[in-house]
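Q: I would like the atomic coordinates for the input below:
(2 chains)
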Amino acid sequence: MTTTAFSFKQRFFRLYRSVLKQHLGLIALLTAITFLSFPVLSAVEMHQLVTGAASYRMYGMAEIYGTSSMWTLTLYVLLVPFLTVALLCQPLHNKRAADMYHSIPLSRRGLLGVWITAGMTIMAIPLLVGYAGIYLAALMTRYQINHPSLILWDVFLCLLTLFCVMSLVTLCAVCTGTAFDCIVFSILTMALPTAVTSSLTSLLREFSNGYRPNLGGIFGRFPFAVNGWFSHINWFEGRTEAEGGVWAGVPNILAWIVISCILTAVSFWYIRRRKNEMPGSLVRNRYLESVICLLITLSGGLAIGMSFGNAICGPYVLEKPQWIWTVFFTAIGGALIFAVTQTVFKRGLSLKKLLAYGGTAMAAMAAVSAGLLFYCEVIVEDYVPDASKVEQVSFNDDMGVYNGLSQLSAARQYWDRSVRSGVLTEDIHPVFTSEEGIRQVCGIHSLIIDDFNQISTKGYVDEEKYNYYLTFFDLTYHLKNGGTIQRNYDFRNCGLAAAVLERLCASEEYIRQAIPLFSPAYEPYIQRISLWDGLTLREEPLISLKQDGEKYRRLIEALSEEFIAMDPYVYYNETQSPVAWISYSYPAQESYQPGDIVDCSGSVPIYASFEKTVGLLEEYGYGDLLKPDFSTVEQAVLTDSSRFASYEGVLGKHFISFHNYYSISEVRDWIEYALESRESLPDPDKQGKQASYTIEREKEPAPQIEEVSQQRLLELVPQMRFSIEAKEENQQVLILCTEDSYVVRFLDASL
Amino acid sequence: MIEARDLEKRFGDKIALQGMNLTIQEGSIYGLVGTNGSGKSTFLRLTSGVYYPDQGSIQIEGRDVYEDCGIKDKIFFVPDELYFLPHSTLEDMARFYASQYSGWDWEYYQKLCGFFPISSKARLNTFSKGMQRQAAIMLALSARSSYLLLDEAFDGLDPVIRSAVRRLLVDEVAQRNLTVVISSHNLRELEDLCDHIGLLHNGSVRFSRELDELKLGFCKVQAAFSAEYSAGDFTGISIMRCEKRGSLFNMVVRGNSQQVLEYLQQFQPVFAESLPLTLEEVFIHEMEGIGYDYNSILL
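A: Just a heads-up that it's a prediction; the model follows:
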C-alpha cells in the first residue's frame, strides 16, 4: 500500500475541525449565556432609554453597552479565556493526554496553534452572535446606535481584549504543569501590575509631597492590569486617556496588540523547549515563578510597611520615625510574604530554606524601601526646577475663589466626543512663559514645599491657620531639554493658599489667561455680556456695545489694565465694594468638535478707583448703574442669621451662597417669621402659624432681625461684602428683596 | 531501525536513563523488561517523541524523533495509561487518528472491529480496562505505522484476546515488516512473542540479545548417578545452580546442552537429559551472573 504523508496544513486544519467538533456543546452554552447577558440585557436597557423609563449611560464606540451588559460582557472577556484554555490545553496539564497529543505527528507549535485558533473561534462565535443580536435589538427597540459601522470597532476591540487575556493565560498554561497553577499564575499576572502600581504610587505619594507618579501610564498600558478591564469599552471615550480626543486609545490598542503578540510568541517559543514531564507536576517555568514571587513580595511588603507605618505614627505626620517604621515593617512584611509564597508554590518548605529565603527577602525589601524613601526625600520632594531651565509652566488650582466669585475658572475646552449624559470638558490652565512668570511660579513652589516641610515636623496643630479646607495645586513644568515635571499638592494651609493666589493675581500674564474676558482669543465666545450694578440688583446688557467693536475693546482694555494694576489685596480682602460688575458667558452649543471652547464665563468687579473704566461706562450711557439705587427694593432686613451664607471655610472665610436655593416667597416667609419671633418669643399659640412657612427652621434659634430703611441702606453700601472672616463674631447679614428676587450680603463690622 | 546513543533523561534530580545505547532492528519484536522505575516507559516516550532527551540521541531511520512529524507519522505509541478524547467513542478516536496518520487504513480498522468484541459506537469511558486496551490496540494497528511502541500492552487483556493480539502482531511483522517494541513485566508473555529481549536496570541496558542466543547460552540438565557425587566433582562444566535430591541432580549450566550431556557421560549416569529453560530462568541466572539479586529485580 502506498500512502502520501499529510502536510502540516492538512494536519493542522483536520485537528482544528476535530477540536471545534469536540467543543460544539461549549460553543452552544457560551452563545446562550452571551446572548442573554449581552444583547438581551442591552435591549432592555435600550428600551428603557428610548421610552424614557430610565436614564442609562450607554458605552462603547457605538454606544451599545448598557450599564449592566457592560459588566456581563466584561466578565465574559475575563473568565471565558480561562475556561477555554483549561479545556483546550489539557495535554499541557494532563500526563495521559500529553502522551497521546505529543506522540501524534503534529509539532508542539502546531498543536499550540490549533489550540489558540480553535480557542479564539470558540470564544468569538458567541460574541459575534451577540453583536449581531445587539444590532437587531437596536432595530427592535428603535434605539439610535451611535453609528452602526462603529459596532465593528467594538467587535474588534472586544476580540482583541479576548485575545490579550487568552495570550496571557496560554503563556501561563505553557509555563505550568497543572491547570490550578495556570489559573493562579494567570490571575496573579493580571492583578500584580495593579497591585505593584498601587503600592509604589501610594508610597511615592505619601513620602514625597506633591509628587504624583504616573505609574498608571506605564502599567495602565498593560492589558491585564485590573484597571484596564473596561478598556475595550472605554478606549475611544477618553476614559483611559484624558487628552488626545478620539484617538487617545490608539496607543493602548497598539500596546495591547504588541504585548499579546509577544506573549503568544513566547508561548510558541517555549512550548518546544517545555519539558513534557511537566503535565500533572509542580514543575513550572522558573522565570515566571520568580517574577511572580518578586512582584507579590514587592507589592505586599510595601503595603504592609505603609499600613504599619501609618498605624504607629498616624497619617499626615511624615516625621523620620515613620520612615524607620515603614522600612522596618516593609522588610518584615516582605520576608513573610516571600516565605509564604515560596511555601505555597513549592507545597512546603524546610525550615532551613524558609529562614534563608525569608532573610534574603527581608534584606532586599529593607534595601528597596529605604532606597525608595531616599528617592522620595532627596530627589523628589524638595526639588524645584531651576527657573532658567524651564521653558514654560502651567499652574492652576481648583479653589480659584476671590470674593466668593470664581475668578480663575478660565475657559473650558471640549476634549471628548459627545456622550449622551453630557459634555466632557477640561480647564485650560494658564501657562507662564515669561521669565518673570516662571520665576514667580518657582517661588510659589518653594513656598509650598517649605510649608509642607514645616508640617512634616509640626503636624497640623494650628487650627486657625490650617482649617482643613483642601485645595489642589497642579504645577506642570516643561523644561527646555524636553522633559516634564509634574507636581500636585493637596493643600490645607488656607493662609498660604491665599498668599499664593494673591501673588498670582498680581501677574498680568496669569490674569489675562485666567479671566477670558481679558483675552482677545476668547472674544468670539463671549456671546452674553451684561453690566450689573454693585448690588447685582439691576442688569444692563452690553451685547450691542460688543457689536460696536471699537467701544467695547476700549472698555475691556481699560478694565483689564486697571484690574491688573490694582493691588490684589483689595479684591482678595474686599476692602472696597464694587460699584458694578461685568458678567459674561458662552451659551451651550448643539455640538462640539474636539478642541472647541465649551465654557467661557465669569464676572469681573469694577471699583470706584477704576477711573478710566468708570469714565467710559458713563460716556457710553451706563452711569446710572454705577450709583446705588434701592428704588426696586421692597423690603430690607438686617439679621444675624447665617442661613443665607455658605459655611464652607474657603480661605478662612464664609461666603454668601450665590445659588439662590430659596425662592423669594420662602425668603419673605422667613423674614416674616423672624420679625414676628422678635416681637414675641415662640409660644404654643404660634405653632400653627410657624408651621406655614416652608423653610426648615426648627433647628435654628430665633434670629436677631431688624428692618432697614432705604436711607439707612445708602449708608451701609460701603460695608456690603460677599465674604467675611470665619472667626468674625456677630456676623451681620443684609437681605434685600425686590418684587421677584432677593440679594444677600455680609456687613463688614469693622467699618 | 531504532537507535539510541548515550541517551540520558532526568526528571529533576532523578536519573531515569543514563548512557543508554540500544539498537532495535526493523521487523523485529523487541521486548523490554526491567524493574519498576528502570526506565522502560521513559525510553518508549523518548522513542515516540513525547519526551526530549537531555543528552544523547534517539533516532529512527537515522532521524531524530523529537518534533519530526515525518518520522512520527511512522510511529504509534500506546502508553501504559490510556487517554481518549472526552466522551469519545472508538469511531471518534478512529476519525481523530485518521486525520493525523497518513497510513490510516479504514478497511483494516473495519476488519478489526469485526474481530474484537467491542462496540465502536459506545463511549470509551464506559469500557473496562481490558476493553480500552483492546480499543487502543485496534487504533494502533489501524494506523499502519512502521513502528509500534507498546507499553504494558497486554495489561488487562484476557487470555483469548492476548493470544489474538500476539497473532496479529506476528502477522503484521511478517506481512509488512512492522517493528514492535513492547515493554512488560510478564516474561512468559514476551518469551512467546519477542525475538529480541533487552533488560533495563537503573536507566541503562544490562543486555540486549536475540532470544534464541540468550537461551543457547544456558542449559538445564537433570541427571541421576549410581555413585555418590557432589557438584564439586563436575569441574569440567560451569554450573550456575545445582540442586541435589538423593542421587538426582538438577543443574543449570552455562553452555550447550549437548556438550554438557557428553561431559556427564564420563560419570556413568543412570540417566541424563536436557530440559527446556524458561526466559525467566535465563534472566534469573543472567542477573545472578552479573551479581544482582534477582529477587529484587524480577517479578
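Q: what sits against the residue nearest to A:R487 when sequence neighbours are not counted?
A: Once flanking residues are discounted, A:R487 sits nearest to A:G210: 3.9 Å by Cβ to Cβ, 6 or more residues apart in numbering or on different chains. From N, CA and C alone the C-beta is placed, and that goes for glycine too. Residues near A:G210 by Cβ atoms under 8 Å, 6 or more residues apart in numbering or on different chains: A:381, A:448-449, A:452, A:475, A:487-489.
Q: what's the distance between A:G210 and A:K389?
A: 19 Å (Cβ to Cβ, to the nearest Å).
Q: repeat for A:Y661
A: With Cβ to Cβ as the criterion, A:Y661 and A:K389 are 50 Å apart.
Q: if we can go back for a sec, quick one, phi/psi of the residue nearest to A:R487?
A: Phi and psi for A:G210, reported as degrees, to the nearest 10, are phi 90, psi -20.
Q: Report pLDDT for it.
A: A:G210 is assigned a pLDDT of 74 by the prediction.
Q: can you check B:A122 too?
A: 90.
Q: what's the answer for B:Q222, then?
A: B:Q222 carries a pLDDT value of 89.
Q: Could you do B:V173 as well?
A: 90.
Q: my guess is it meets B:G27, correct?
A: Yes: shown here, B:V173 and B:G27 form a contact pair, counting by Cβ atoms under 8 Å, at 6.0 Å.
Q: Need the overlap of contacts for these two.
A: Contacts common to B:V173 and B:G27, judged by Cβ under 8 Å, 6+ apart, are B:T179.
Q: Would you tell me which helix is longest in the chain?
A: Reading this off chain A. Assignment by DSSP state H gives helix A:108-141 as the longest helix of chain A.
Q: my question was about chain B
A: helix B:159-176.
Q: Contacts made by that helix with the rest, please.
A: Everything outside helix B:159-176 that qualifies as a contact, by Cβ under 8 Å, 6+ apart, is B:27-29, B:115-116, B:130, B:134, B:137, B:141, B:144, B:148, B:153-154, B:157, B:178-180, B:189, B:192-193.
Q: Any of these buried? List them.
A: Among the contacts of helix B:159-176, those classed as buried by 16 or more other Cβ atoms under 10 Å in any protein chain shown are B:28-29, B:116, B:130, B:134, B:137, B:141, B:144, B:148, B:153-154, B:157, B:178-180, B:189, B:193.
Q: Now narrow the residues you listed to whatever sits close to chain A.
A: B:R144 (Cβ under 8 Å from any Cβ of the partner chain).
Q: Which ones among the buried ones among the contacts of helix B:159-176 map onto strands?
A: If you go by DSSP state E, these have B:29, B:148, B:179-180 in strands.
Q: Could you dump these into JSON lines with pLDDT added?
A: JSON lines is the format used below for those (pLDDT from 0 to 100):
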{"residue": "B:I29", "pLDDT": "92"}
{"residue": "B:L148", "pLDDT": "94"}
{"residue": "B:T179", "pLDDT": "93"}
{"residue": "B:V180", "pLDDT": "93"}
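Q: Out of those residues, which is nearest to chain A?
A: B:L148 (11.6 Å; Cβ to the nearest Cβ).
Q: surely that closest one meets B:N177?
A: No: counting by Cβ under 8 Å, B:L148 sits too far from B:N177 to count as a contact (11.7 Å).
Q: And the helices in the stretch 301-450 of chain A?
A: Counting by DSSP state H, counting those that start in this stretch, the stretch 301-450 of chain A has these helices, from start to end: A:320-345, A:351-374, A:435-458.
Q: The longest one near chain B anywhere?
A: So the one you mean is helix A:320-345. No: figure legend: helix A:320-345 not in contact with chain B (Cβ under 8 Å from any Cβ); closest approach 15.3 Å.
Q: How about the stretch 151-299 of chain B: which residue is closest to chain A?
A: Closest point on the stretch 151-299 of chain B to chain A, by Cβ to the nearest Cβ, is B:R176, at 8.3 Å.
Q: Pull the number of nearby residues for that residue.
A: 11 (other Cβ atoms under 10 Å in any protein chain shown).
Q: which bits of the stretch 651-751 of chain A sit near chain B?
A: So the stretch 651-751 of chain A never meets chain B (Cβ under 8 Å from any Cβ).
Q: Return the residues in contact with the residue of chain B most remote from its centre.
A: Of all residues in chain B, B:A227 sits farthest from the chain's C-alpha centroid, using Cα atoms, centre = their mean; the distance is 44.0 Å. Counting by Cβ under 8 Å, 6+ apart, B:A227 touches B:267-268.
Q: Tell me how far it lies from B:I237.
A: 17 Å.
Q: cool, and A:M140?
A: 100 Å.
Q: and these two? which has more neighbours close in?
A: A count of neighbours by other Cβ under 10 Å puts B:I237 above the other of A:M140 and B:I237, at 16 against 11.
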